[in-house]
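**Student:** when you get a sec, could you give me coordinates for this:
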Amino acid sequence: MFSKTSHFGIALGILNIIFFLAQYQQNIHTKPLNIYVILMMLISVIFIILAIVKASKDHEGELFSIRKGLQTGIGVILLGGLIIWVYQIFHANYIEPDFIDKLAAAAPENLQLDKQFSPEEITEKVALFKENYKFSLFSDVILKSLFTGFFVSLITSLVIKSKIFVKP
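**Tutor:** Residues are numbered from 1 along each chain as shown. Below is the predicted model of the structure:
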C-alpha cells in the first residue's frame with residue numbers, strides 16, 4: 001500500500017510544481033483563483049481515486065477496508081502537498097525573494113472581500129502572515145489538501161466497499 005501511495009503522491013507533487021511554475025511564468029501565481037487551481041484540484045481527485053482503486057485491487061486475498069482507502073488517499077494528498085510546500089519555501093527563499101511580499105500584497109484584497117475585518121485587522125493579519133509565512137503556507141496547502149483528501153478518499157472507499165461497480 002505504501003508504495004502505491006508514494007508513487008501517486010510523488011507524481012502529484014511533481015504535477016503541483018509544474019502547475020505552480022506555469023502560473024509563475026504567467027505571473028498569476030499569487031492570485032488565489034485561476035484555472036490552474038481548478039485543474040489541479042481535479043487532477044488531485046483523480047490521483048486519489050486511482051491510488052485507492054489500485055490499492056483495493058492489490059489486496060485480492062484480503063478484504064478491502066475503508067481504513068485502507070482513507071490511508072491511501074490521505075497519504076497521496078499529504079505527500080503531494082508536502083512536496084509543493086517544500087518547493088514553495090525553496091521558491092520564496094531562492095527563486096523569487098519577493099514572493100511572500102507579493103502574497104502579502106494580495107492578501108488585503110482577499111480579506112476585504114469578507115467585509116468582516118477592519119483596515120487595522122487586515123494590516124495586522126498581513127504582518128503576521130509575513131512573519132510566519134512558512135507556517136502560513138503549510139497550513140494553507142496541507143490543511144486544505146487533507147480536508148479534500150479525506151472526503152474524496154471516504155467517498156471512493158465507500159463506493160469500492162459497497163461493490164456498486166462490480167458485475168454480479
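
**Student:** residues contacting residue 36?
**Tutor:** 19, 22, 23, 28 (Cβ atoms under 8 Å, 6 or more residues apart in numbering). C-betas here are computed from N, CA, C, even on glycine.

**Student:** residue 156 now?
**Tutor:** 48, 49, 52, 53, 69, 73.

**Student:** so where does the first one fall, helix or strand?
**Tutor:** Translated: residue 48. Using DSSP states H and E, residue 48 sits within helix 35-58.

**Student:** for the helix or strand just after that helix, what is the average pLDDT?
**Tutor:** For helix 35-58, the following helix or strand on the C-terminal side (DSSP H and E) is helix 66-90. Helix 66-90 carries an average pLDDT of 91.

**Student:** C-terminal to the one helix or strand in the chain whose mean pLDDT sits lowest, what's the next element?
**Tutor:** Scoring the helices and strands of the chain by mean pLDDT, DSSP states H and E places helix 99-112 at the bottom, with a mean of 68. Next helix or strand after helix 99-112 toward the C-terminus (DSSP H and E): helix 119-131.

**Student:** what's the average pLDDT for stretch 141-160?
**Tutor:** Computed over stretch 141-160, the average pLDDT equals 89.

**Student:** where does the residue positioned nearest the centre of the chain fall, phi/psi-wise?
**Tutor:** Centroid-nearest residue in the chain: residue 145, 3.7 Å away (criterion: Cα atoms, centre = their mean). Main-chain dihedrals, residue 145, degrees, to the nearest 10: phi -70, psi -40.

**Student:** and stretch 139-151, how far out from the chain's middle?
**Tutor:** Put simply, stretch 139-151 sits 6 Å off its chain's centre (Cα atoms, centre = their mean, to the nearest Å).

**Student:** dump it to PDB, keeping only the CA atoms.
**Tutor:** Output of stretch 139-151 as PDB, limited to C-alpha atoms (Å, rounded to 0.1, in the frame of the first residue of the first chain):
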ATOM      1  CA  SER A 139      -1.500  25.400   6.800                       C
ATOM      2  CA  ASP A 140      -2.900  26.700   3.500                       C
ATOM      3  CA  VAL A 141      -1.500  23.900   1.400                       C
ATOM      4  CA  ILE A 142      -1.700  20.900   3.800                       C
ATOM      5  CA  LEU A 143      -4.900  21.600   5.700                       C
ATOM      6  CA  LYS A 144      -6.900  22.300   2.600                       C
ATOM      7  CA  SER A 145      -5.400  19.200   1.000                       C
ATOM      8  CA  LEU A 146      -6.200  17.000   3.900                       C
ATOM      9  CA  PHE A 147      -9.800  18.200   4.100                       C
ATOM     10  CA  THR A 148     -10.300  17.500   0.400                       C
ATOM     11  CA  GLY A 149      -8.400  14.200   0.500                       C
ATOM     12  CA  PHE A 150     -10.400  12.900   3.500                       C
ATOM     13  CA  PHE A 151     -13.700  13.400   1.800                       C
END
